[in-house]
Every structure is written in C-alpha cells, then in structure tokens.
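*Asks:* can't give you the sequence, but here's the structure:
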Ligand code: FES
C-alpha cells in the first residue's frame, strides 16, 4: 500500500514523523533534504527511532543508543542487524511511503494442524 506520510513542508531537514500502515510503524526522516523511511521500532526492544537524534544520516535510538544508517537501515555499531527500509516518493509536495502488505498470520486451526502433522511424522 502507498500511504501519505505528510506534506514536504511539514518535514523540514532534521525532522521526523511517524506513519502507521499495514500493521507497521514507520519513521520518516528528512536527512538534509533526502526523505527516507525505516521501520520505526528498534530491532533491540522496539523503541521508536523517530524520537532518536540524527547526525550525518545516522539515527541513534533514544533507549539504548543503537545506531542505524537511515539510508540502508543497517546498524552501524554492530553487524547483522538491519531495520526495514521503505520506498518514498515526493510528488506535488506530498510524501508517500510504499509499505508491503503484512504476511498473513496462520490461524490457530492451521497451527494445530501443522503441529499434528509434525507429531504424526515423528511418531
Ligand atoms: S530499544 Fe533501541 S537500542 Fe534498545
């Protein structure tokens, strides 16, 4: 889904906002004129990155200071951790973010059936 985040005028350089879509919280930043969007909830303990301090395109999580490159989502002070990034378009002064549809969650019935299948294979 493509969702409206805000107007470009409402997101000056150095600022951020949050948009919620497809069961996700997404932080949108203006990094020196580049608009970027990443998963708002930190991979560590799901604190909001939109509240973090940004310097040189790096956001620092306000909770425990993990740092992420806003253009790639990569954690810069350790490897193997990456926040999801989302495509952004700016048209006619409006910022929009493309958010993938959430994966369908299996029903309890489906989970029980899968468990029963595994159990019968192992028996
Ligand atoms: S919640 Fe972000 S560093 Fe801990």
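*Replies:* That came in fine, so what should we check first? These figures come from a predicted structure and were not determined experimentally.
*Asks:* For the most centrally placed residue in the chain, give me its contacts.
*Replies:* Centroid check for the chain by CA atoms, centre = their mean gives residue 39 as the closest residue, at 1.0 Å. Residue 39 sits next to 24-27, 49, 73, 83-85 when contact means CB atoms under 8 Å, 6 or more residues apart in numbering. In short, each C-beta sits where N, CA and C put it, glycine included.
*Asks:* Can I have the buried ones of those residues as a PyMOL selection?
*Replies:* Burial among the contacts of residue 39 is assessed by 16 or more other CB atoms under 10 Å; the matching PyMOL selection reads:
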select buried, resi 24+26+27+49+73+83+85
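*Asks:* so what's residue 11 up against?
*Replies:* So residue 11 contacts 5, 17, 28, 30, 35, 95 (CB under 8 Å, 6+ apart).
*Asks:* What about the residues you listed, which are in helices?
*Replies:* Taking DSSP state H, every one of the contacts of residue 11 sits outside helices.
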